[in-house]
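Visitor: Need a 3D model of the sequence below.
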Amino acid sequence: MITLEDFNKIDIRVGTIIDASINKGARKKAYKLKIDFGSLGIKNSSAQITDLYKEEELIEKQIIAVVNIESIHISEVTSEVLVLGVVTNNGVVLLNPDTKVENGTKIL
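Guide: Model (predicted):
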């Protein structure tokens with residue numbers, strides 16, 4: 001188990017996807033995402049969410065992501081944030097606020 005202190009080290013924020021395209025070099029099907037986190041800036045991510053989402057459906061979609069995670073190179077993308085979702089039998093379902101909020105808003 002982790003402590004509450006450990007959990008509080010994780011910085012989880014709301015962002016809006018502003019661009020999505022296929023990450024052609026990824027071993028598993030994934031999208032390259034550009035996500036606007038307001039005052040934190042625009043961050044890149046590679047996300048394996050191709051089963052349930054089309055590129056055009058993702059534009060302007062708000063998502064929830066861990067923004068203080070170590071960057072990782074996935075093919076041609078330096079993934080700077082970890083987009084959060086629920087793994088289902090049909091694919092990953094993105095976590096998102098049910099009401100539009102300001103980009104960069106912290107999840108508590």
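Visitor: Tell me the secondary structure at the residue lying closest to I49 once chain neighbours are set aside.
Guide: Nearest residue to I49, sequence neighbours excluded (CB to CB, 6 or more residues apart in numbering): V92, at 4.9 Å. To be clear about C-beta, it is placed using only N, CA and C from the backbone, and glycine gets the same treatment. Here V92 is recorded as strand under DSSP: H, G, I helix; E, B strand; the rest coil.
Visitor: got a list of what V92 touches?
Guide: Residues near V92 by CB atoms under 8 Å, 6 or more residues apart in numbering: 47-49, 51-52, 85-86.
Visitor: Take those and lay them out in CSV including secondary structure.
Guide: As requested, the contacts of V92 are exported to CSV (three-state DSSP):
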residue, secondary structure
A47, strand
Q48, coil
I49, coil
D51, coil
L52, coil
G85, strand
V86, strand
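Visitor: what residue ranges in this structure are flagged as low confidence?
Guide: Of all residues in the chain, none has pLDDT under 70.
Visitor: give me every residue that touches L84.
Guide: Neighbouring residues of L84 by CB under 8 Å, 6+ apart: 12, 63-66, 94-95.
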